[in-house]
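Asker: give me the fold of what follows.
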Amino acid sequence: MRKTIIPDALQDVHDQWHFAPAVVARGMIFCSGIIGTSPDGAAPGKAALEGARSTLGEGDAKPVAALQAVRDPKAQFETAFEALASILGEAGAGLADIVELTSYHVDMDQHMVTFVQVRDAYLNPPWPAWTAIGVKNLIVPGGLVELRAVALAPDD
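Answerer: Reported below is the predicted structural model:
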């Protein structure tokens, strides 16, 4: 048995791009990768999913390259965690339910200290398993980190 999790802000993204933000299966939530985006490159605060929604405008969907990564690295990392929290929230879970986190980093050497500070502000002990992977680039131009997570689903 599986259930696709689609927050309202990502429904059109799901429909246009066939992107499942998360899937619940066998008591686990598998979250797709998420990058800290916004409609204009500025930090969106708690409206962390609005960047993805902004690619859909009137008529045809804009290309994925129309997504804008939040320009400030720290704010981009915070936005990614806020977006991940929103997706988990739609599944009835939260960041504390994460058991495994994978982060994909562009220019890891330059931004890792800031990323770890942000990560530690959003996650608490017991720490999830974590793998950090350096990559050349991400699907969103200017993206510095993409978060993918596996979390415990709430008991039904």
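Asker: Three-state assignment for the residue nearest the centre of the chain, please.
Answerer: Closest to where the C-alpha atoms of the chain average out (C-alpha atoms, centre = their mean) is Ile34, at 2.6 Å. Assigned with DSSP: H, G, I helix; E, B strand; the rest coil, Ile34 falls in the strand class.
Asker: gap between it and Asp155?
Answerer: 25 Å (C-beta to C-beta, to the nearest Å). For the C-beta atoms, the positions are set from N, CA and C on the backbone; glycine is no exception.
Asker: ditto for Gly33
Answerer: Taking C-beta to C-beta as the measure, Gly33 falls 27 Å from Asp155.
Asker: please say which of those two ends up with more neighbours.
Answerer: Neighbour count, other C-beta atoms under 10 Å: between Gly33 and Asp155, Gly33 has more, with 19 against 6.
Asker: doesn't Tyr104 make contact with the more buried one?
Answerer: Yes: contact criterion C-beta atoms under 8 Å: Gly33 and Tyr104 qualify, at 6.9 Å.
Asker: which residues does the residue lying closest to Tyr122 once chain neighbours are set aside contact?
Answerer: Of all residues not flanking Tyr122 in the chain, Phe81 sits nearest, at 4.2 Å (C-beta to C-beta, 6 or more residues apart in numbering). Taking C-beta atoms under 8 Å, 6 or more residues apart in numbering, we find Phe81 in contact with 95, 118-119, 122, 147.
Asker: ok, Arg26 next?
Answerer: Arg26 neighbours (C-beta under 8 Å, 6+ apart): Met1.
Asker: tell me the pLDDT at Leu101?
Answerer: pLDDT for Leu101: 98.
Asker: what sits opposite it in the beta ladder?
Answerer: Beta-bridge partners for Leu101, by DSSP bridges, are Trp130, Ala149.
Asker: burial check on it, number of neighbours?
Answerer: Using other C-beta under 10 Å, the number of residues around Leu101 comes to 22.
Asker: from Gly94, how far out is it?
Answerer: 13 Å.
Asker: and the helices in the chain, which stretches?
Answerer: Ranges of helices within the chain are 11-17, 50-53, 73-90, 108-122, based on DSSP state H.
Asker: dump these into CSV; add distance to Ile133 as well.
Answerer: As requested, these are exported to CSV (distance: least, C-beta to C-beta, whole Å):
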stretch, distance to Ile133
helix 11-17, 23
helix 50-53, 22
helix 73-90, 15
helix 108-122, 8
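Asker: tell me which of those helices lies nearest to Ile139.
Answerer: Nearest to Ile139 among the helices of the chain is helix 11-17 (10.4 Å), distances taken as C-beta to C-beta.
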